[in-house]
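here is my input; please provide its structure:
(one chain, ligands or ions: 1)
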Amino acid sequence: MKHFAPSAPADAAGEHGGFPPARSFRQSEQELAILDTVLDGVIGIDASAVVQFFNPAATRIFGYAPEEVIGRNVRMLMPEPYRAEHDGYVAHFVETGERKVIGVGREVSGRRKDGSVFPMELGINEMRVEGKRHFVGTVRDITERKAAEQRIAEFIAALQRSNQELDEFAYIASHDLKEPLRGLSTNATFLKEDWGEILGQNGVRRLDRIMFLAARMEHLVNDLLYFSRLGRQELAVQPTDLNDVIAGIRDIAGMAGHDATVSIVVPEPLPVIVCDLPRVTELFRNLVSNAIKYNDKPERRIEIGCSDETGEQVFHVRDNGIGIEPRFHEEIFRIFKRLNSEDDEVKGTGVGLTFVRKIVERHGGRIWLESAPGTGTTFYFTLPEPR
Ligand code: ADP
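Below is the predicted model:
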């Protein structure tokens, strides 16, 4: 394929101001072959913006054969208003040396032979061949990338909308659902007090159940509200000594009752990290209390540690409890999901791990677990940078 200005004879190239094809490039046949195969369009112009060189990728991108472009002003590859402005740019640079696009890559619009306009990335470099100034433009069609960016932007906008709807829902839940709920509970209480004798034992038992369920629902609504707040509120970060955090939650060791002992072990001192202290305290409190709750051993052992073997700080909370089957490893993070809901001794609403994951994510981290049913569970997480 012919890439160069057909009219520029090798020796006269310098005089005519065109790309000097033969002599200067003969020694670089290999370079020419490379220009034939590169994916980016490479276009050479002279100081008057006349195209001297047009590689096959440029043909693919613009739809012009080299002979349709070479010898013509490069502005034919641009849509308005750049088309009109381009001569001015080149002249301005040639006159003043002031760089507007030279040496910097930027996104501009290109115009194909069929008239369609497309986004492209353009890098321009200046070079001197035999004392004459030339410009080499590298062009990349970024239509697909732009379309993908557009789709991502749309997804983000849709997500933001649905988050907003969720916030509104949480607000409605707090103000509009809580009120009738309290009414239900109060009426059941009055009914029990005033009509309890007439209703009899069975009736009172049912009223108690209504009050219990209303209280539980209020709890769930509050959890939902808190979850929505966790996602929205700015984190207040500060350097935090995690050893102090653990010292502050040791009181929960008492929750196991008298029939079991609990030891919370921290083999190596934990680091000081920048994080939101109350949230991270809550994270550890939830993981440690689960490690105690979901544990049937008389000696419940919880180990808390941090390792940076992989170059990343990975924290862990390990227990010797009942373990979690692999098929539930993702599900347990879902709001209100409980695996042991039948177990009345172990009370919870199934939000602890949902909050934990949210807190980890707000700190730009991730959480995962390893578990063997019967022998115990280890939760791993990172807390890199608060967002
Ligand atoms: P809750 O404790 O209120 O049920 P969580 O979200 O904290 O809610 O936990 C969800 C479920 O995951 C629990 O119901 C329990 O079945 C399981 N689980 C959590 N932590 C552990 C653990 N350390 N060992 C075994 N099971 C656990």
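
what mean pLDDT does the helix ranked longest in the chain get?
In the chain, taking DSSP state H as the definition, the longest helix is helix 178-232. For helix 178-232, mean pLDDT rounds to 90.

could you do stretch 112-124 as well?
pLDDT averaged over stretch 112-124 gives 94.

stretch 64-80 too?
Mean predicted confidence for stretch 64-80 is 94.

against residue 150, how distant is residue 112?
Per C-beta to C-beta, to the nearest Å, residue 112 is found 20 Å from residue 150. C-betas here are computed from N, CA, C, even on glycine.

compare those two (neighbour count), which wins?
residue 112 (15 against 10; other C-beta atoms under 10 Å).

contacting residues around the residue lying closest to that one once chain neighbours are set aside?
Distances taken as C-beta to C-beta, 6 or more residues apart in numbering place residue 63 nearest to residue 112, at 4.8 Å, with adjacent residues excluded. With contact set as C-beta atoms under 8 Å, 6 or more residues apart in numbering, residue 63 has these partners: 112, 113, 114.

now do residue 135
With contact taken as C-beta under 8 Å, 6+ apart, residue 135 is in contact with 44, 45, 46, 47, 90, 102, 124, 125, 126, 127.

how about the fourth one, nearest residue that isn't a chain neighbour?
Pointing back at residue 47 there. The spatial neighbour of residue 47 that comes closest, neighbours along the chain excluded (C-beta to C-beta, 6+ apart), is residue 133 at 4.7 Å.

where in the stretch 201-350 of the chain is pLDDT low?
Applying pLDDT under 70 to the stretch 201-350 of the chain flags the ranges 341-347.

relative to residue 332, how far out is the closest residue to the ligand within it?
The ligand sits closest to residue 348 of the stretch 201-350 of the chain, with a gap of 2.2 Å, by C-beta to the nearest ligand atom. Distance of residue 348 to residue 332, given as C-beta to C-beta: 11 Å.

and for residue 66?
Plainly put, residue 66 is 63 Å away from residue 332 if you go by C-beta to C-beta.

circling back to that earlier point, just the ones of the contacts of residue 135 in strands?
44, 45, 46, 124, 125, 126, 127 (DSSP state E).

could you give the bridge partners of the fourth one?
According to DSSP bridges, residue 102, residue 137 are recorded as the beta-bridge partners of residue 124.

what about it, distance to the ligand?
Taking C-beta to the nearest ligand atom, to the nearest Å as the measure, residue 124 falls 57 Å from the ligand.

and if you look at residue 189?
Counting by C-beta to the nearest ligand atom, the gap from residue 189 to the ligand is 27 Å.

nearest residue to that residue other than its sequence neighbours?
What sits nearest to residue 189 in space, not counting adjacent residues and going by C-beta to C-beta, 6+ apart, is residue 211, at 6.6 Å.

neighbours of the one you found, how many?
Residue 211: 18 surrounding residues under other C-beta under 10 Å.

before we move on, what about residue 61?
For residue 61, using other C-beta under 10 Å, the count is 22.

that older thread, pretty sure the residue nearest to residue 47 contacts residue 126?
Yes - here residue 133 lies in contact with residue 126, judged by C-beta atoms under 8 Å, at a distance of 6.5 Å.

residues from the stretch 251-387 of the chain in reach of the ligand?
Within reach of the ligand by C-beta under 6 Å from any ligand atom, the stretch 251-387 of the chain has these residues: 286, 290-291, 294, 319, 321-324, 332, 337-340, 348-354, 377.

among these, name the buried ones.
The neighbour-count test (16 or more other C-beta atoms under 10 Å) marks 286, 290-291, 294, 319, 321-324, 332, 338, 348-354, 377 as buried among these.

in helices, which of those appear?
Per DSSP H, those map to helices at 286, 290, 291, 352, 353, 354.

export those residues as TSV, with columns for distance to residue 298.
Shown next, in TSV, are those (distance: C-beta to C-beta, whole Å):
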residue	distance to residue 298
286	23
290	18
291	15
352	24
353	25
354	30
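
tell me which two in those residues are the farthest apart.
Farthest apart among those by C-beta to C-beta are 291 and 354. That separation is 16.9 Å.

for the ligand, give me its nearest residue in the stretch 51-200 of the chain.
Closest point on the stretch 51-200 of the chain to the ligand, by C-beta to the nearest ligand atom, is residue 170, at 18.5 Å.

show me the contacts for that residue.
Applying C-beta under 8 Å, 6+ apart to residue 170 gives the contacts 224, 225, 227, 228, 229.

OK, contacts around the first one?
Taking C-beta under 8 Å, 6+ apart as the contact definition, residue 224 lies against 170, 173, 335.
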